[in-house]
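[1] What would the 3D arrangement of this be:
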Amino acid sequence: MASLRAICRGVHWAGMLLSALGLPGCNSPYPDSEEDQSVFYTTFSEEPKHLDPAQSYSTNESDLMWQVLEPPFQYHFLKRPYQLDPLTAREVPRPEKKQVTFRGKTVDATVYTVRIKPGILYQNHPCFVAANCRLTVRDMQDVRTLADIQPTGTRELVAADYVHAVRRLADPRLACPVFPTLAKNMLGMAEYRQELQRVLDEKRQERRTTAGPLYNQEQDEKHNPIRLDYGEGAGSYPFVREVGPYAFEVVLQHPYPQILYWMGMAFFAPVPPEAIEFFDQPAIRQRDLVFDRSPVGTGPYRLAEYDPTNQIVFVRNENFRSERYPDLAPPAGDDPEAQAAYKQMKAAGMLRDVGRALPMVDRIVFRMEREWVPRWNKFLQGYYDISGISSDTFDQAVTLASTGDPVLSDEMAARGIRLLTSSPTTVSYYAFNMNDNVVGGYTEEKRKLRQAISIAFDMDEQIQVFANGRGIPAQSPIPPGIFGYEEGEAGINPVVYRWETAHNRPVKRTIDEARKLLAEAGYPNGYGPDGQPLAIRFATTATGGDAQTWVRFVKKQFDGLNIRLVVEASDYNRFQDKVRSGNYQFLHWGWVADYPDPENFLFLLYSPNAKTVSGGENVSNYVNEEYDRLFTRMQSMENTPERLAIIRQMLRILREDAPWVFGFHPVSYGLYHEWCHNAYPHSMAYNTSKYLRIDAARRAAYRREYNAPQWWPVAALAVALAALTVPAVFAAVRHLRET
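    Model prediction:
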């Protein structure tokens, strides 16, 4: 009997193991019911900190918010260079000169009148039901998510919602990252924040007086925030004002054309007052439901599931208006590059859906993937529709053609995957602290020291080693695609490169030329007048294994000049303190454009933005009066030949002074499965998901093909089990006969 029991147990466990091995293709992270649905699957790698448009300033947060929110303008999906188009607005307005009353005086102002389209509805939301703005703790007993609160309602978008949103940017309790920039240009915005602070202080004092000595202000306002009426007394501060149910004005104290770009960002998305009132209820906040994680908008999608440790899901906004896939006219003129780009776009099928209603995808699922390897494997299995390329997977995904251009590997091409490249409006650079006694200063010797280091840096090697060749050496702060960036000899940095006419290309100046400049700077062979070797401190947060490889590369660049690089690694907070206080000599930094205008890059070296003076983005603390004068002229100009001439003068000054070692402009590589149509990288827009079209049937077929069960391990195990089981059976039979 013992032998029979052993056989039975063996058969049982063999069956279990065979069942497990027989299911290697059934590993989809999604329900079977979604297989044939129009769903776009993508990823995120870190939890969003803010989804409140007044506070968010991060790319990963914009990817989420823009599914729901709609400022007045957006970027045209297909046009290059980037062009602002109306979104909820009827048209992109032109500036007008008007006289405005401010603080009892009549002042000249620049005014933009934004007229929005009537009939636009918000998503269905409980905040639009009046009864839901008076919920008690008892009402919330069975509520776990926002979807548990019923009923829901909607209403029409009006100009007052935009006015409410822009005034809210001045709320001193909100850490609006762009408030300093806007307040510097919008008439009365800075004073309005002071007024809100005064009212807030009065209300806080009233609460303290009523509550007594044990009052905890932080805890009280966490669960029961003080309501500020952004309309009360706002007429005295004209920076934004309603001029009709479907029109509002943005009032500037001087010409500032970049304000249109700001109005194409989430900061200017409408915020209905009902939403703030709803989420400020103590009963709602006790359930940890807050506006900062629950945006309310008029966009193509609404937030349906928010689990930042697992997945974030958006579903089609049932109330979304009629928006259509855009058209693109053939380029006028005889520009061969523009003509070729248009033909390439048309051949890629980017114009097949012109006129179709948006959005074309019913749901968007963002899945949390912190690690690159599982994200990449799931993309190859067809469970994610798009993917970037890491350094570890670059050789698997991309090869170089004989021309040096990147092309898909045979493996990726066989799977029907497409490669799309784009040049983000980004620049990375190394900054000298111009306030430092060694590397800073504006004498000819100090300039030559920085110029020598700039020449010694092999940026091509950095791009090849650390970015798999995905980048363009920077000649100035301005990246490709931005007005002021120039190709050819006109665009090179002559301090670091010379133009080789015979081959029509820039050639890097030699290390001997750099050493000559170093000697002229007073450091022959890297030694100063006192006979001591020159040492430069490099502030960085690079502490990990991969980061150390990069640090060794940076040290090697200085070794070529016999300069000793002293690495001062610290955590990010300490590093930020060094930058703010100017306690560094050399560091690595970068910038991603807020909007496609040269002002948004050249302001990085405008002296009033010096980090140690104003906390601005001029981390070099660079000061040059002529550069500042030119910047002031350039910043409010249209893109004309006159503006280009001024930019050229500014770049000449920067290249001579060399406050930066100009780094590189990255090139982004993206992979897209063949069922993901209308994928077109866009450096400025975050609302491009609405243009996507998913062929769910083709995706399902791919998943079946590349996740089919592997039966050979099952067969091999069956043979092995049989080989082990048959002798046991014969032994059991012999034992039975003997007994």
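
[2] Leaving out sequence neighbours, find the closest residue to residue 567.
    residue 538 (5.2 Å; Cβ to Cβ, 6 or more residues apart in numbering). C-betas here are computed from N, CA, C, even on glycine.

[3] Could you do residue 211 as well?
    Distances taken as Cβ to Cβ, 6+ apart put residue 220 closest to residue 211, at 7.4 Å, once the chain neighbours are dropped.

[4] quick one: the one you found and residue 214 touch, right?
    No. Using Cβ atoms under 8 Å, residue 220 makes no contact with residue 214, being 10.9 Å away.

[5] more crowded one of these two?
    residue 220 (16 against 5; other Cβ atoms under 10 Å).

[6] From the contact counts, what lies against the helix or strand hosting residue 305?
    Per DSSP states H and E, residue 305 falls inside strand 301-307. Counting contacts by 3 or more Cβ pairs under 8 Å, 6 or more residues apart in numbering; DSSP states H and E, strand 301-307 is packed against strand 311-316.

[7] could you say what helices and strands the strand it packs on packs with?
    Using 3+ Cβ pairs under 8 Å, 6+ apart, the elements in contact with strand 311-316 are strand 301-307, strand 363-368.

[8] Tabulate those strands in JSON lines, adding columns for mean pLDDT and distance to residue 134.
    Putting those into JSON lines (pLDDT from 0 to 100; distance: least, Cβ to Cβ, whole Å) gives the following:
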{"stretch": "strand 301-307", "mean pLDDT": "97", "distance to residue 134": "23"}
{"stretch": "strand 363-368", "mean pLDDT": "97", "distance to residue 134": "33"}
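
[9] Let me have these in TSV, adding mean neighbour count and distance to residue 498 as columns.
    As requested, these are exported to TSV (neighbours: other Cβ atoms under 10 Å; distance: least, Cβ to Cβ, whole Å):
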stretch	mean neighbour count	distance to residue 498
strand 301-307	19	52
strand 363-368	20	48
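
[10] Now render those strands as CSV, adding distance to residue 130.
    Below are the helices and strands packed on strand 311-316 laid out as CSV (distance: least, Cβ to Cβ, whole Å):
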stretch, distance to residue 130
strand 301-307, 20
strand 363-368, 30
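
[11] Among these, which comes closest to residue 143?
    Distance to residue 143, taken as Cβ to Cβ, is lowest for strand 301-307 among these, at 14.5 Å.

[12] Residues touching the closest one, excluding its own?
    Strand 301-307 is contacted from outside by 67-68, 123-125, 147, 293-295, 311-317, 359, 363-364, 689-690, using Cβ atoms under 8 Å, 6 or more residues apart in numbering.

[13] Just the buried residues out of the residues you listed, in PyMOL syntax.
    Burial among the contacts of strand 301-307 is assessed by 16 or more other Cβ atoms under 10 Å; the matching PyMOL selection reads:
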select buried, resi 67+68+123+125+293+294+295+311+312+313+314+315+316+317+359+363+364+689+690
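
[14] Quick one: low-confidence residue ranges for the protein.
    The model of the chain has pLDDT under 70 over residues 1-26, 544-546, 710-733, 735-739.

[15] what's the next secondary structure element after the longest strand seen in it?
    In the chain, ranked by residue count with DSSP state E as the criterion, the top strand is strand 105-115. Of the helices and strands lying after strand 105-115 in sequence (DSSP H and E), the nearest is helix 159-168.

[16] Would you mark the buried spots in that next one?
    For helix 159-168, burial by neighbour count (16+ other Cβ under 10 Å) applies to 159-168.

[17] what does stretch 403-415 give?
    406, 408-409, 412, 415.

[18] which residues sit against that stretch?
    The contact list for stretch 403-415 (Cβ under 8 Å, 6+ apart) reads 380, 395-401, 417-419, 421, 469, 669, 671, 673, 702, 706.

[19] Quick check: PyMOL command selecting the buried ones in those.
    Entered in PyMOL, the line below selects the buried ones among the contacts of stretch 403-415, by 16+ other Cβ under 10 Å:
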select buried, resi 380+397+398+417+418+419+469+669+671+673+702
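
[20] Looking at the contacts of stretch 403-415, which are in strands?
    Using DSSP E, these in strands are 398-400, 418-419, 421, 669, 671.

[21] which among these gets closest to residue 27?
    Taking Cβ to Cβ as the measure, residue 27 lies nearest residue 671 of those, at 20.8 Å.

[22] ok, the closest residue to that closest one other than its chain neighbours - contacts?
    Leaving aside its sequence neighbours, residue 671 sits nearest to residue 387 (Cβ to Cβ, 6+ apart; 4.7 Å). Residue 387 is in contact with 375-376, 379, 670-671, counting by Cβ under 8 Å, 6+ apart.

[23] Ok, residue 613 next?
    Contacts of residue 613 by Cβ under 8 Å, 6+ apart are 607, 621.

[24] Going by distance to residue 139, which of the buried residues of stretch 403-415 wins?
    For these, the residue nearest residue 139 by Cβ to Cβ is residue 415; the value is 52.3 Å.

[25] now that closest one: how far from residue 674?
    Using Cβ to Cβ, to the nearest Å, residue 415 is found at 8 Å from residue 674.
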